[in-house]
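Enquirer: After the sequence you'll find the predicted model.
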Amino acid sequence: MESVIEVEDLRQGYGSFEAVSGVSFAVARGELFALLGTNGAGKTTTLETVEGLRPGRAGSVRVLGSDPHRERRRIRARLGVMMQDGGLFPDLSVGETVRAWRGLVRGARTQREVLELSGLADRSGVRVRQLSGGQRRRLDLALALTGRPEIVFLDEPTTGMDPQARQEIWRIVRGLRDQGTTVVLTTHYLEEAEQLADRVAIMHSGRIRVAGTVAEVLARRGARVTFRPLPAAEPPVIGGVAPETGGGRVGYELVESVQDGLGELLRWASGNGIELAGLEVRGGSLEDVFLEIAEGV
Ligand SMILES: Nc1ncnc2c1ncn2[C@@H]1O[C@H](COP(=O)(O)OP(=O)(O)OP(=O)(O)O)[C@@H](O)[C@H]1O
């Protein structure tokens, strides 16, 4: 598959501080790639370098076959960027903002299309300063899409939004992907990545710690099996894993032996005439992986 973004061993920093310490990833055309991570992990720094806002300190970044910083003019019109803190003028109305933006973009969507994308067609005369935070983000997103970009960068597109506003952004982002647009986003919301992303990379302290499809990332987590303690019986070792007791439950973290371990537990229970009270089996979530990485496990 054609890679439209290739990042190899990228290093980036501020003064003597290194914020990104050797990050590598590639994004295929039409893919939705999410960068996740703890606060200060280096997501925005990575994204801004890939957008070409500044040159990397070391390593290589190619976007649509070009160096996004040195050859920015060559590819700029093919990229759409929605920054964390959009550069909107508070005194312009929504309509004026869209008109001004369209004037800067080649092959722009119509005024009406951009207003409809922003969901603000009926608020065209309202000043930007009067919009809610969520409405401003939607306007930012619509502006980023004005030139029908091939690649769209979204830095925390739904931060601070209520669930309904978030769903609306997700609908627009899914629409982009359906049209074959490549999307790279950063997010704090694991659910957002689970809902939208074809592939994710989880960053911590300037490095990518885990990357892959959501299914691949979750596969490194097993399942947690728990039940309520039994007064008369010592819980067995299953799948080679010893029981842990805490919070009023007996639990096992089964990674490679989920099915075998569960089978052993059920055979042990029925062999001893025991009913396992409150038995639960829960697969790993992206949140578990995230917390594990954030805790440096
Ligand atoms: N302009 C700057 N000058 C100095 N240090 C900076 C600057 N911008 C970011 N940093 C530092 O670089 C590190 C990475 O920041 P970055 O914003 O890339 O992380 P992030 O993963 O996007 O975080 P968040 O999720 O909190 O937005 C942090 O330690 C941050 O304090």
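Expert: Good, I have the coordinates. Residues are numbered from 1 along each chain as shown.

Enquirer: can you pull out the strands in the stretch 101-250 of the chain?
Expert: Using DSSP state E, counting those that start in this stretch, the strands found in the stretch 101-250 of the chain span residues 151-155, 182-187, 199-204, 207-212, 223-227, 244-246, 249-254.

Enquirer: does any bit of stretch 75-94 sit next to the ligand?
Expert: No. Contact of stretch 75-94 with the ligand (CB under 6 Å from any ligand atom) is absent, the minimum separation being 6.9 Å. To be clear about C-beta, it is placed using only N, CA and C from the backbone, and glycine gets the same treatment.

Enquirer: Distance to E116 and mean pLDDT added to the strands of the stretch 101-250 of the chain, as TSV?
Expert: Converted to TSV, the strands of the stretch 101-250 of the chain look like this (distance: least, CB to CB, whole Å; pLDDT from 0 to 100):
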stretch	distance to E116	mean pLDDT
strand 151-155	17	95
strand 182-187	19	95
strand 199-204	30	95
strand 207-212	35	94
strand 223-227	45	89
strand 244-246	53	89
strand 249-254	49	90
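
Enquirer: Quick one: residues contacting the residue nearest the centre of the chain.
Expert: For the chain, the residue sitting closest to the mean C-alpha position, by CA atoms, centre = their mean, is A34 at 3.4 Å. When contacts are counted by CB atoms under 8 Å, 6 or more residues apart in numbering, A34 touches 184-187, 192-193, 196-197, 199-201.

Enquirer: Got the domain ranges for the chain?
Expert: Residue ranges of the domains in the chain are recorded as 3-218, 221-294, according to automatic domain parsing.

Enquirer: re the thing from before, Validate this expectation: the residue nearest to the centre of the chain resides in a strand.
Expert: Yes. With DSSP: H, G, I helix; E, B strand; the rest coil as the criterion, A34 is assigned to a strand.

Enquirer: what's the nearest residue to it if we skip its chain neighbours?
Expert: The spatial neighbour of A34 that comes closest, neighbours along the chain excluded (CB to CB, 6 or more residues apart in numbering), is A197 at 3.8 Å.

Enquirer: ok, that neighbour - how many residues close by?
Expert: Burial of A197, expressed as a neighbour count using other CB atoms under 10 Å, amounts to 25.

Enquirer: Most tightly packed of the domains of the chain?
Expert: Burial among the domains of the chain, expressed as mean neighbours by mean count of other CB atoms under 10 Å, is greatest for domain 3-218, which shows a mean of 18.

Enquirer: quick one on the thing from earlier: run through the residues that contact the residue nearest to A34.
Expert: A197 makes contacts with 32-34, 185, 214, as judged by CB under 8 Å, 6+ apart.

Enquirer: Same question for A193.
Expert: For A193, the contacting residues are 34, 36, 187, 200, 214, 286, taking CB under 8 Å, 6+ apart as the criterion.

Enquirer: ok, and the closest non-adjacent residue to it?
Expert: A34 (4.2 Å).

Enquirer: Determine the set of other helices and strands touching the biggest helix by length in the chain.
Expert: Here the longest helix in the chain is taken by residue count, with DSSP state H as the criterion, and it is helix 163-178. With contacts taken as 3 or more CB pairs under 8 Å, 6 or more residues apart in numbering; DSSP states H and E, helix 163-178 sits against helix 133-144, strand 182-187, helix 190-196.

Enquirer: repeat that with 10 Å
Expert: With contacts defined as 3 or more CB pairs under 10 Å, 6 or more residues apart in numbering; DSSP states H and E, the secondary structure elements packing on helix 163-178 are strand 32-37, helix 111-118, helix 133-144, strand 151-155, strand 182-187, helix 190-196.

Enquirer: The fourth one relative to helix 163-178, how many degrees between them?
Expert: The reference is to strand 151-155. 160 degrees (axes from the mean of the first three to the mean of the last three CA atoms, to 10 degrees).

Enquirer: Strand 151-155 pairs with which strands, and in what direction?
Expert: When pairing is defined by DSSP bridges, strand 151-155 lines up against strand 79-82 (parallel), strand 182-187 (parallel).

Enquirer: quick one: contacts for R171?
Expert: Residues counted as contacts of R171 (CB atoms under 10 Å, 6 or more residues apart in numbering) are G119.

Enquirer: Please renumber the chain so that the first residue is 27 from this point on.
Expert: Taking 27 as the first residue, the last one we looked at is R197.
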